[in-house]
Every structure is written in C-alpha cells, then in structure tokens.
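Novice: below: sequence and its predicted model.
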Amino acid sequence: MADDIHEAAIAHVNRAWDWFAGMVALSATNLGVELGMFDLLRSAGALSPDEIAGRLGLVPRAVDLWAKTLVHYELLVDAGEGRVAMAPGLELMVCEPVTLFNLQPSLTFHARFVARDFLELADFFHDGVPRPPGRHGAALSENVARQTAMMHAVFIEGILPELPEVLAMLLHGCRVLDAGCGNGDLGMLLCTEFPMASYTGYDLDEHAVHAGRATAEARGLAGRVNIVLGNMSEAAIDAASFDLAFLFLSLHEIPIDERPAVAAAIRAALRPGGILLVLDETYPETLSEAATRESRMGLHFEYSEILWGSHVPTRTEVHELLSGAGFTGIERLAMLGGSFEVVVARTE
C-alpha cells in the first residue's frame, strides 16, 4: 500500500513539474512575441543569441537563456554554429500575418493579464467581490478583440458552412443582432462577406465600442455596421426587426441575474422564424464530467475569468435560459469534427 501511495505521489509531482514547465514556456514564448525576437528570426533565418541581443538592444545573457529554454521546449531548433532558428510551423503561431493557428493575443492575455489577476484570487475566494476587467484599461479590450477575431474567422470559415440555413439567410440579406459584440469585429466580417447583410451590436466596453466604430468607418461599413454602447436588454429595439442573433463568447460574461432579460430582449427582437446562435464554453455539471478532457476549455474560461465575475453556464442552464425566454427547437450541434458546439434556438 505504501509503495502504491509513493508511486501516486511521484506521478503527481511529475505532473506538477509539467505545470511549472508550462508557466516558463508561456512566459518565454510571450517574450519572443513582445520583444520581436520571433519576427527577427523569421526574417534572418538563424541567429546566435548574441546577434539577437545586439540587433534588438537586449541583454545577451537573458537572450541566451530565452533561446536555450525554447530549444528545450522545441519551439526553437539548434541551427548549428551557436545559432537558433524557429521550429517549422512556429511562425504561423507567433508571427504576423495572423492565421487561424496564431496564438499571439492568447499568449499576451495569459502572461500579462491572467497572471496578474491570479495574484488576487486568494482575496476573491474570501470576499467573492469581482474585480472588473475594465481596470486593465484599453490594453485588455484590444487584446480580447484580437482573441475573439480569431474565433470569428473560425466561425466564418469553418462553422458557418455547416449551418446552411443561417448561410442562406446571410446570402439573401438579413439583419443581425449581437449581444456582447465587443468591437463589432464579427459584424464587420459578416457584412464584408455578405454585402446584403446589416448588423447591430451592443456592448458595455467603452474602449471596444469606440475602437469598433472607428474601424467600421475606416472600412466603409458604418452604414451597415452599428455598434452601440449600452445594455441591450435596456435598449429600445423594434420588436421582430431582426432575423439572426448571436451570443458569441459573451453569455458567460453577462451577470446571471441579467441573463433572462437579455434572452427575452433577443427573443422579442427576432422575427418569426428567426435564429439565435449561442457560441460559448460550458461548465461541467458534475465532478465526473469535470474529469473529462471535453470540460477543459469551460473550466479554463471560468478559472481565468472568475475574478471578473464571469460565470460559464452549464448545458442545462443554457437550455433553461433559452426555453424560458420563449425559444423553441433548441439544438446543440457538434461542429468542426466535434471540437466545437453551437446552440441553435428558433422563434416560431
């Protein structure tokens, strides 16, 4: 029995060292992005740590440590003669232009914002008082916009083709409503891809709304993309005036006691035959469900944002919220080979 316990303890310790390693790899990779070391390597092909330090005005010893650390984690490779180069494919993850593989904004999000928020979690566990993300200022708003832009691109390119009814609505021209739109990037993508569509989004993030309006104006979309600062459930929206609505990675950020009003407002705004798409993570309902790999992203979202007051809903909570608002034909569809789920709800 003692041997079994010791073996289990060793397994836990080894697992913990994997966690510690992840923290170091995250920090080093983010530094490579922020300090331009990856971009320099992409253009130069291979450089020694001293050459990287000299060209970027960095401390040679620190760059040597960075290079050897990422060689260890197989993101850099030994190119010979004391030089390093990026591992094949790494540029798609850490360099511009942004691709569907790009993790630049996620790296910054975890290394700069989440890491700082974690320092306050012990106090939150005692008092339960949320610390609003707005205290991070415009930098966080811009970062979140970049992260969600990746998911918007995945939706347009990978998920929308699997929703032929929604695709047809957009092709024929429909009015789109978005609750928790951020900077309205989804609307700009949709209106660019589908010239007959129009879009109205609501958000409470002043930084994101103002940035989105400026971008829509610059892209010549201001006439079709309307980004509103305010709570959608309190807005004066004409009844039955929209065809399609989204809750795109925003439901978990809406306070629980406000969700019924938001869902009801969306339901009232949709015409008969309208569709609501909910794209968000879900929180495991049981401990056994929490043990599955499928629960990882929901738990990750919740743990990373609980300090902000976010609450990732369970599948049951989503269904009860939508049915309570009067939606019918509620379906949860597996997309992208089962790696993503979309909730489709309809109005009669």
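Specialist: Everything's here; your move.

Novice: just give the nearest non-adjacent residue to G36, would you?
Specialist: Nearest residue to G36 in three dimensions, chain neighbours excluded: L56, at 6.0 Å (Cβ to Cβ, 6 or more residues apart in numbering). To be clear about C-beta, it is placed using only N, CA and C from the backbone, and glycine gets the same treatment.

Novice: residues contacting the one you found?
Specialist: With contacts defined as Cβ atoms under 8 Å, 6 or more residues apart in numbering, the neighbours of L56 are L35, G36, M37, L40.

Novice: counting neighbours, which of the residues you listed comes out on top?
Specialist: Note: the member of the contacts of L56 with the most neighbours is M37, at 27 neighbours, neighbours being other Cβ atoms under 10 Å.

Novice: that one and N30 touch, don't they?
Specialist: No - the pair M37 and N30 fails to qualify as a contact (Cβ atoms under 8 Å) at a distance of 10.8 Å.

Novice: if I look at D123, how far off is R131?
Specialist: Per Cβ to Cβ, to the nearest Å, D123 is found 9 Å from R131.

Novice: ugh, wrong one, I meant H300
Specialist: Computed with Cβ to Cβ, the distance linking H300 and R131 is 19 Å.

Novice: do N231 as well
Specialist: Between N231 and R131 the distance, using Cβ to Cβ, works out to 20 Å.

Novice: same check, this time on H172
Specialist: H172 sits at a distance of 45 Å from R131 (criterion: Cβ to Cβ).

Novice: and what of G329?
Specialist: When Cβ to Cβ is the yardstick, G329 and R131 sit 39 Å from each other.

Novice: doesn't N14 lie inside a helix?
Specialist: Yes - assignment of N14 by DSSP: H, G, I helix; E, B strand; the rest coil places it within a helix.

Novice: which secondary structure element of the chain has the lowest mean pLDDT?
Specialist: Lowest on mean pLDDT, DSSP states H and E among the helices and strands of the chain sits helix 138-154, with a mean of 90.

Novice: CA atoms of that one as PDB?
Specialist: Written as PDB, here are the backbone C-alpha positions of helix 138-154 (Å, rounded to 0.1, in the frame of the first residue of the first chain):
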ATOM      1  CA  ALA A 138      -7.800  49.700 -23.200                       C
ATOM      2  CA  ALA A 139      -4.900  47.200 -23.500                       C
ATOM      3  CA  LEU A 140      -7.200  44.300 -22.300                       C
ATOM      4  CA  SER A 141     -10.000  45.400 -24.600                       C
ATOM      5  CA  GLU A 142      -7.700  45.400 -27.600                       C
ATOM      6  CA  ASN A 143      -6.300  42.000 -26.600                       C
ATOM      7  CA  VAL A 144      -9.700  40.400 -26.200                       C
ATOM      8  CA  ALA A 145     -10.700  41.900 -29.500                       C
ATOM      9  CA  ARG A 146      -7.700  40.200 -31.200                       C
ATOM     10  CA  GLN A 147      -8.500  36.900 -29.500                       C
ATOM     11  CA  THR A 148     -12.200  36.900 -30.500                       C
ATOM     12  CA  ALA A 149     -11.300  37.900 -34.000                       C
ATOM     13  CA  MET A 150      -9.600  34.500 -34.400                       C
ATOM     14  CA  MET A 151     -12.800  32.800 -33.300                       C
ATOM     15  CA  HIS A 152     -14.900  34.900 -35.700                       C
ATOM     16  CA  ALA A 153     -12.600  33.800 -38.500                       C
ATOM     17  CA  VAL A 154     -13.100  30.200 -37.500                       C
END
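
Novice: run through who's touching whatever helix or strand comes next after that helix.
Specialist: Note on helix 138-154: by DSSP states H and E, the next helix or strand toward the C-terminus is helix 164-172. Helix 164-172 is contacted by residues L160, P161, V176, L190, E193, F194, M196, A197, D243, L244, I275, L277 when judged by Cβ under 8 Å, 6+ apart.
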